[in-house]
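> Just need the structure, nothing else, for what follows:
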Amino acid sequence: MTFTDDDVAELYDLTNPWAAGQWPSDRFYNDLVIAAGSVLDVGCGTGQMLHEARARGHSGRLAGIDPDAAALRRARRREDIEWVEGRAADIAWHREFELATMTSHAFQCLLSDEEIRASLAAIRGALRNGGRFAFETRHPQARAWEQWAVGDSGDIAFSDGRVLRMWYRVDLRGDIVDAIEVTALADGTVLREDAGSLRFLDVEPLNEFLAEAGFEVEAQYGDWKRGPITVESKEIVTIAQVA
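Model (predicted):
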């Protein structure tokens, strides 16, 4: 029984719907996007944030880039947004956007120092003078990966009638977490296993990368209500400006 890349993209939307009324993180980004005349969403996935911006009346330029072809097929259901297949480091726009975003912890998919440097340089190059880059990364002190390996998702009703469940196997090596996402039927029959890795940077090294790339940290928060970073913070939410 197959579970295709397109199925994975649909499942992502089912389990991670963009809902500003429900999730403070989505509301945080919605407000920034609506206030900007031109927006580049890096790691746009299935395009939900930009879809929502158009639905809410954003009339400026919106563009998304992502390396996942199946996710982009869902994103391209809206044709009034620019969609490009590629990684952050592949960005070729030059001084064209007021705001760049990386939502849903996409920044953590940048694993090596070289990949972070190349990606930040490309993002900065796409921004106009004074442009802003908004993104978040999970604070390593919260050790989020420990929760991922506990239990499963519970029943998920898929569009074709199948009832699915998801769980994770994780392994920690330094500041990188390797995770295998298992998608299965409710009876435990495994349909697919997808491996991925995430890097958990602390505040100081993160800000060093930003400064090296020519960004100044405008604001940094420990939660989606714009509270300060504390010893209990689970997030590092950053708004950086082109220096």
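> just so I have it, where are all the helices in this structure?
Along the chain, the segments classed as helices by DSSP state H run 5-15, 24-35, 48-55, 69-75, 113-126, 145-148, 203-212.
> Name the residues of the shortest one that come out as buried.
In terms of neighbour count (16 or more other CB atoms under 10 Å), helix 145-148 has its buried residues at residue 145. Quick note: C-beta positions are derived from backbone N, CA and C, even for glycine.
> And for stretch 99-118?
In stretch 99-118, counting by 16+ other CB under 10 Å, buried: 99-110, 116, 118.
> and it, how far apart are its ends?
18 Å (CA to CA, to the nearest Å).
> For it, what is the distance to the chain centroid?
Relative to its chain's centre, stretch 99-118 lies at 9 Å (CA atoms, centre = their mean, to the nearest Å).
> hmm, who's touching it?
16, 25, 29, 32-33, 36, 38-43, 45, 49, 88-89, 119, 123, 126-127, 131-138, 176, 196-201, 209, 212-213 (CB atoms under 8 Å, 6 or more residues apart in numbering).
> Which of those fall within strands?
Using DSSP state E, the members of the contacts of stretch 99-118 that fall in strands are 38-42, 127, 131-138, 176, 196-199.
> Tell me the bridge partners for the nearest residue to residue 123 once chain neighbours are set aside.
Nearest-residue entry for residue 123: residue 100, 5.1 Å, with adjacent residues in sequence omitted and distances by CB to CB, 6 or more residues apart in numbering. Going by DSSP bridges, residue 100 is paired in beta bridges with residue 40, residue 133.
> any idea how far residue 231 is from residue 100?
Using CB to CB, to the nearest Å, we find residue 100 at a distance of 30 Å from residue 231.
> who's in contact with residue 177?
By CB under 8 Å, 6+ apart, the neighbours of residue 177 are 145, 170, 171, 197, 198, 199, 200.
> sorry, back to before: of the buried residues of stretch 99-118, closest to residue 82?
Nearest to residue 82 among these is residue 100, at 13.5 Å by CB to CB.
> Return the distance of that closest one relative to residue 43.
10 Å.
> same question, residue 228
Counting by CB to CB - residue 228 and residue 43 are separated by 26 Å.
> re the thing from before, got TSV for the buried residues of stretch 99-118, with pLDDT and distance to residue 4 too?
Output for the buried residues of stretch 99-118, formatted as TSV (pLDDT from 0 to 100; distance: CB to CB, whole Å):
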residue	pLDDT	distance to residue 4
99	98	33
100	99	31
101	98	28
102	98	26
103	98	24
104	97	21
105	98	24
106	98	22
107	98	27
108	98	25
109	98	21
110	98	27
116	98	31
118	98	31
